[in-house]
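Enquirer: Sharing a model that was predicted from the sequence below.
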Amino acid sequence: MFFNKNKKAVKTYDSVNKKPIIRASICNGEQVAGFKDINTGAFEEVMLIRNTEDLVSFKETYGITGEIEKTY
């Protein structure tokens with residue numbers, strides 16, 4: 001009654017040193033959303049992307065607007 005269960009908390013990420021990307025497999029098409037460190041190139045996995053709803057959820061959770069780069 002007092003709490004809105006539908007409201008998602010927006011999480012933050014270091015937008016100066018990290019950028020959101022989707023890592024996709026060439027073999028089976030599996031896609032994982034996460035953040036790539038600009039300085040080291042290290043990839044931090046955040047969530048598996050199975051469909052467009054998962055991608056929208058990832059973007060809403062981290063407040064990302066626009067297109068996300070996809071790497072293979």
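Expert: Noted; the coordinates are in hand.
Enquirer: My guess is residue 18 contacts residue 44. True?
Expert: Yes - using Cβ atoms under 8 Å, residue 18 makes contact with residue 44 at a distance of 7.5 Å. Any C-beta I mention is one placed from the backbone N, CA and C, and that applies to glycine too.
Enquirer: what touches both of these two?
Expert: Shared contacts of residue 18 and residue 44, defined by Cβ atoms under 8 Å, 6 or more residues apart in numbering, are found at 35-37.
Enquirer: Would you map the helices across this protein?
Expert: Remark: helices assigned in the chain by DSSP state H are 52-62.
Enquirer: Any stretches of it with poor pLDDT?
Expert: Scanning the chain with the threshold set as pLDDT under 70 gives 1-8.
Enquirer: So which residues of it form strands?
Expert: Ranges of strands in the chain, per DSSP state E, are 18-24, 31-37, 43-49, 69-71.
Enquirer: Can you lay out those strands as TSV showing mean neighbour count and distance to residue 60?
Expert: Shown next, in TSV, are those (neighbours: other Cβ atoms under 10 Å; distance: least, Cβ to Cβ, whole Å):
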stretch	mean neighbour count	distance to residue 60
strand 18-24	16	12
strand 31-37	18	12
strand 43-49	14	12
strand 69-71	10	18
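Enquirer: closest to residue 62 out of the ones you listed?
Expert: strand 18-24 (6.8 Å; Cβ to Cβ).
Enquirer: Contacts for the closest one, please.
Expert: With Cβ under 8 Å, 6+ apart as the test, strand 18-24 has contacts from 13, 30-38, 43-45, 49, 55, 58, 62, 64, 68-72.
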